[in-house]
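Asks: take this sequence and fold it.
(one chain, ligands or ions: 1)
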Amino acid sequence: MDADIHSEGSEHLDKFKDECGVFGIYGHPEASNLTYLGLYALQHRGQESAGIATADGTMIRMSRAMGHVSDAFDERALEQLPGHIAIGHTRYSTAGESRLQNAQPILIDCAHGQIAVGHNGNLVNARELRDQLVRDGSIFQTSSDTEVILHLYARSRESSVEDALIESISQVSGAYSFVLLTKDRLIAARDPHGFRPLALGRLGDAYIVCSETCALDLIGATYMRDVEPGELLVISDGGLRSLKPFPPAPQAHCVFEHVYFARPDSYVFGKSVNEVRTNLGRVLAREQRVDADVVVPIPDSGVCAAMGYADEANIPLRMGLIRNHYVGRTFIQPQSSIRHFGVKVKLNPVRSILDGKRVILVDDSLVRGTTSRKIVRMVRAAGASEVHVRISCPPTISPCFYGVDTPRRSELMAATHTLDEIRTYLDCDSVAYLSLEGLMKAVGDGSGNYCSSCYTGQYPIAFPRDEHAYLQLALKLDKHAVTN
Ligand code: SF4
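Replies: Residues are numbered from 1 along each chain as shown. The predicted model follows:
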């Protein structure tokens, strides 16, 4: 992921990539404008493409483009999207290539009428369903897993929109928070495990569903509750109806939403991300204390945990690394001979804070370790006498199949190296992670309601064993790992 720093994708350093953000609104004359703002607040969840579909009771219109929300839409584009109902999507591709055809929402016209869908998550049986549908004559427009839902829906013999949707959604397994739009309805659905978040809010008479509550805050809406795992919400002229058509399943909320993905000002799974993330730092300090002069977060991802760590350890927190917020998506490296150039573009050490100090560097995760190594060296070069790395989650040892883009298992540093080897590679004086028990304690989960597969390798939903039949599996797992 280091290579990204010099070219595209410099938004994140060595991190799991984000997933997708979804937004839906029913009952507002400015539905497209509010969806634009909602997507703007959810931009951190996906930066590859953005799309909005609106409905006015008679038909659906849609606009999609590659790039950030602010690049994808202008006033004129939003004027072309009239209607009091809208859904929006901001995408990072976890399954399917990055191209406009794969941008969402995806809109079709079928026997049940027009329908558009936006999806956050990943369907683990999409490949098998798609192969079967193709054998039965379906012609796919995209390489995205989400499209299978629309094909299943189009083929359904159920007479009502809701029954056809329930029948099609019942056939998919995996992670999904869907927003769906018909000419006169907004429908939201969340998988029975509740992998991905989905919040329900209110703005006057309008209803809103969105991935994170920060989208509600921006448009001045009030958070009502989460869409429950396994719940299907239908919002129409008749108001809001809640259906529970899918069999219940053990809860498996993605704990990484709290560790890294979600914005700290959001509530996800009913909890403040900021509070949980600060707690992660507190528990980490209790578990992995070390004597030092300053606690320095790796911005922005490590800030909340570093605050908790510093507070608990009673060591001053200092912003010893300054982030340049204006690094664009494309960047031409003018001179490759400058040391740690890629990281320096993004982060710069503050010598007056680091010089002669024993430093605890706090970050939320360590994926490949390549960027962290450069940061450690940069901090040493700025005069630090000791550098101790503290990570506010357990070692990441396994890929994700539920809608988060992760590297291959062989590229995950903690899957292939001992703690001592990691310390040597990072060139730091010590490195330590939060324990799995500590993570669950910090999240406040005593009953196993969270997915932690990327830390344990134990998956709550079985995925197809034939890796060649499953696009993402084939991309992510080594042959060795698949046969195990
Ligand atoms: S495997 Fe990790 S990233 Fe994926 S859903 Fe589970 S906790 Fe989240």
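
Asks: which helix runs longest in the protein?
Replies: When the chain is parsed with DSSP state H, its longest helix is helix 273-287.

Asks: off-centre distance for it?
Replies: With Cα atoms, centre = their mean, to the nearest Å as the basis, helix 273-287 stands 20 Å off its chain's centre.

Asks: what's that helix packed up against?
Replies: Packing contacts for helix 273-287, counted by 3 or more Cβ pairs under 8 Å, 6 or more residues apart in numbering; DSSP states H and E, involve helix 303-313, strand 386-391, helix 436-443. Just so you know, the C-beta spots here come from the backbone N, C-alpha and C atoms, and that holds for glycine as well.

Asks: how far away is the residue of the chain positioned farthest from its centre from residue 451?
Replies: Distance to the chain centre peaks in the chain at residue 356, reaching 38.1 Å (criterion: Cα atoms, centre = their mean). Distance from residue 356 to residue 451, counting by Cβ to Cβ, to the nearest Å: 43 Å.

Asks: before we move on, what about residue 373?
Replies: Using Cβ to Cβ, residue 373 is found at 29 Å from residue 451.

Asks: just residue 384 next, same as before
Replies: Using Cβ to Cβ, residue 384 is found at 36 Å from residue 451.

Asks: just residue 173 next, same as before
Replies: 14 Å.

Asks: again with residue 284
Replies: Residue 284 is 21 Å from residue 451, where distance means Cβ to Cβ.

Asks: looking at those two, which is more packed in?
Replies: Higher neighbour count among residue 284 and residue 451: residue 284, with 29 against 26, using other Cβ atoms under 10 Å.

Asks: residues in contact with the residue lying closest to that one once chain neighbours are set aside?
Replies: Distances taken as Cβ to Cβ, 6 or more residues apart in numbering put residue 434 closest to residue 284, at 4.6 Å, once the chain neighbours are dropped. Applying Cβ atoms under 8 Å, 6 or more residues apart in numbering to residue 434 gives the contacts 280, 283, 284, 287, 288, 391, 392, 393, 394, 442.

Asks: cutoff 6 Å now
Replies: Counting by Cβ atoms under 6 Å, 6 or more residues apart in numbering, residue 434 makes contact with 284, 392, 393, 394.

Asks: tell me where the stretch 301-450 of the chain is predicted with low confidence.
Replies: The stretch 301-450 of the chain contains residues with pLDDT under 70 at 328-341.

Asks: quick one, phi psi at the closest residue to the ligand within it?
Replies: Nearest residue of the stretch 301-450 of the chain to the ligand (Cβ to the nearest ligand atom) works out as residue 400 at 3.0 Å. The phi/psi pair for residue 400 (degrees, to the nearest 10) reads phi -100, psi 140.

Asks: any idea how far residue 440 is from the residue lying closest to it once chain neighbours are set aside?
Replies: Once flanking residues are discounted, residue 400 sits nearest to residue 406: 4.8 Å by Cβ to Cβ, 6+ apart. Per Cβ to Cβ, residue 406 is found 20 Å from residue 440.

Asks: so what's the residue count around residue 61?
Replies: A count of nearby residues for residue 61, using other Cβ under 10 Å, gives 18.

Asks: is it in contact with residue 79, as I believe?
Replies: No: using Cβ atoms under 6 Å, residue 61 makes no contact with residue 79, being 10.9 Å away.

Asks: between those two, which contacts overlap?
Replies: Counting by Cβ under 6 Å, 6+ apart, nothing touches both residue 61 and residue 79.

Asks: residues from the stretch 51-200 of the chain in reach of the ligand?
Replies: residue 195 (Cβ under 6 Å from any ligand atom).

Asks: so which residues of the stretch 51-200 of the chain form helices?
Replies: 69-72, 75-79, 126-135, 147-155, 161-169 (DSSP state H, counting those that start in this stretch).

Asks: mind giving me TSV with these and columns for distance to residue 244, mean pLDDT and mean neighbour count?
Replies: Output for those, formatted as TSV (distance: least, Cβ to Cβ, whole Å; pLDDT from 0 to 100; neighbours: other Cβ atoms under 10 Å):
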stretch	distance to residue 244	mean pLDDT	mean neighbour count
helix 69-72	33	94	17
helix 75-79	35	96	12
helix 126-135	23	92	17
helix 147-155	19	97	22
helix 161-169	10	97	19
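
Asks: adding distance to residue 35, write those out as JSON lines.
Replies: What follows is the helices of the stretch 51-200 of the chain, written out as JSON lines (distance: least, Cβ to Cβ, whole Å):
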{"stretch": "helix 69-72", "distance to residue 35": "10"}
{"stretch": "helix 75-79", "distance to residue 35": "9"}
{"stretch": "helix 126-135", "distance to residue 35": "26"}
{"stretch": "helix 147-155", "distance to residue 35": "20"}
{"stretch": "helix 161-169", "distance to residue 35": "21"}
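
Asks: residues in contact with residue 397?
Replies: The contact partners of residue 397, taken as Cβ under 6 Å, 6+ apart, are 414, 415, 457.

Asks: what residue in the stretch 101-250 of the chain comes nearest to the ligand?
Replies: In the stretch 101-250 of the chain, the residue found nearest to the ligand is residue 195; the distance is 5.4 Å by Cβ to the nearest ligand atom.
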